[in-house]
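**Q** Have a look at this prediction, sequence included:
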Amino acid sequence: KAGVTQTPRYLIKTRGQQVTLSCSPISGHRSVSWYQQTPGQGLQFLFEYFSETQRNKGNFPGRFSGRQFSNSRSEMNVSTLELGDSALYLCASSLGRLSTDTQYFGPGTRLTVL
Amino acid sequence: GESVGLHLPTLSVQEGDNSIINCAYSNSASDYFIWYKQESGKGPQFIIDIRSNMDKRQGQRVTVLLNKTVKHLSLQIAATQPGDSAVYFCAETGSNFGNEKLTFGTGTRLTIIP
């Protein structure tokens, strides 16, 4: 069974631009979560989607948004990019929403904002 | 685990020796704990998990110990190999109403000395 895939793997943008990242979960997984990883703040939760609805949201500004499609694939969008948005963005999928449904991570998208 | 970014603790272990990586968590309501391994340029990889109603769980070469009294989690890796070199994160989750966000520890960098 294929793992979580994320595209693109690397992205370079300039301040003020917007970016869309894509995540395809493991087949059969219905929950998708997004995390931001930086050297300074570590791994931080962005949001979680299940059945095309955002179920949980972390403490990030409204410039960060996402959505989930009927096939469970998910996208996240960051508008008006800032230098501090440079990070590794990780997507994780799980079967459902039980706390014991293990989250499996993709390789991440490395975003650099210049 | 603490979710703030701090200096990453490091642990160097001779190849073939056992290693123990520790993690403290703060949320007494957490009921599910996971250890992830992250190699350079990759997303976190699931290693082993444990539920709060257990105090020990064993996998292949790995053992997780949970001490709920002092809110402490440890990962023991037996007979370490060069491929074990990575950053190891503990993560916790748990709620009464579904899959909560994962809260990650700061991570420990494990280096295996040949």
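**A** Perfect, thanks for sending it.

**Q** For the chain, which segments count as strands?
**A** In the absence of a named chain, this looks at chain A. For chain A, strands defined by DSSP state E occupy the ranges A:5-7, A:10-13, A:19-24, A:31-38, A:42-50, A:53-57, A:64-68, A:74-78, A:87-94, A:104-105, A:109-113.

**Q** actually it's chain B I care about, not the one you picked
**A** With DSSP E as the criterion, chain B has strands spanning B:10-14, B:19-24, B:32-38, B:45-51, B:56-58, B:62-67, B:72-77, B:86-93, B:103-104, B:108-113.

**Q** and these, which one's lowest on average pLDDT?
**A** With a mean of 88, strand B:103-104 has the lowest mean pLDDT of those.

**Q** Now do that one: everything it contacts.
**A** For strand B:103-104, the surrounding residues in contact (CB atoms under 8 Å, 6 or more residues apart in numbering or on different chains) are A:42-45, B:1, B:3, B:25, B:27, B:30, B:36, B:89-93. No exception for glycine: its C-beta is placed from N, CA and C like everyone else's.

**Q** Next up, the contacts around residue 8.
**A** Using chain A here. Counting by CB under 8 Å, 6+ apart, A:Pro8 has contacts A:21, A:109.

**Q** try again with chain B
**A** Shown in contact with B:Leu8 (CB under 8 Å, 6+ apart): B:87, B:106-109.

**Q** among the residues you listed, who's most crowded?
**A** The residue in these with the most neighbours, by other CB atoms under 10 Å in any protein chain shown, is B:Gly107 (24 neighbours).

**Q** if I look at that residue, how far off is chain A?
**A** B:Gly107 is 7 Å from chain A, where distance means CB to the nearest CB, to the nearest Å.

**Q** so where is chain A shaky, pLDDT-wise?
**A** A:1 (pLDDT under 70).

**Q** What residues are bridge-paired with the residue nearest the centre of it?
**A** Closest to where the C-alpha atoms of chain A average out (CA atoms, centre = their mean) is A:Trp34, at 3.1 Å. Beta-bridge partners for A:Trp34, by DSSP bridges, are A:Phe47, A:Cys91.

**Q** neighbours around the nearest residue to B:Leu11 once chain neighbours are set aside, how many?
**A** Spatial nearest neighbour of B:Leu11, chain neighbours left out: B:Leu110 (5.1 Å); criterion: CB to CB, 6 or more residues apart in numbering or on different chains. Neighbourhood size, B:Leu110 [other CB under 10 Å]: 21.

**Q** Wait, B:Leu110 touches B:Val87, no?
**A** Yes - the criterion here is CB atoms under 8 Å, and B:Leu110 meets it with B:Val87 at 7.4 Å.

**Q** and the gap between A:Gln41 and chain B?
**A** Distance of A:Gln41 to chain B, computed by CB to the nearest CB: 4 Å.

**Q** So for A:Leu90, which of the strands of chain B sits nearest?
**A** With CB to CB as the measure, strand B:32-38 is the member of the strands of chain B nearest A:Leu90 (9.5 Å).

**Q** For the nearest residue to A:Arg110 once chain neighbours are set aside, grab the count of nearby residues.
**A** Nearest residue to A:Arg110, sequence neighbours excluded (CB to CB, 6+ apart): A:Tyr10, at 4.9 Å. The tally of other residues near A:Tyr10 (other CB under 10 Å) stands at 9.

**Q** who touches A:Tyr10 in this structure?
**A** Counting by CB under 8 Å, 6+ apart, A:Tyr10 touches A:109-110, A:112.

**Q** No further questions, thank you.
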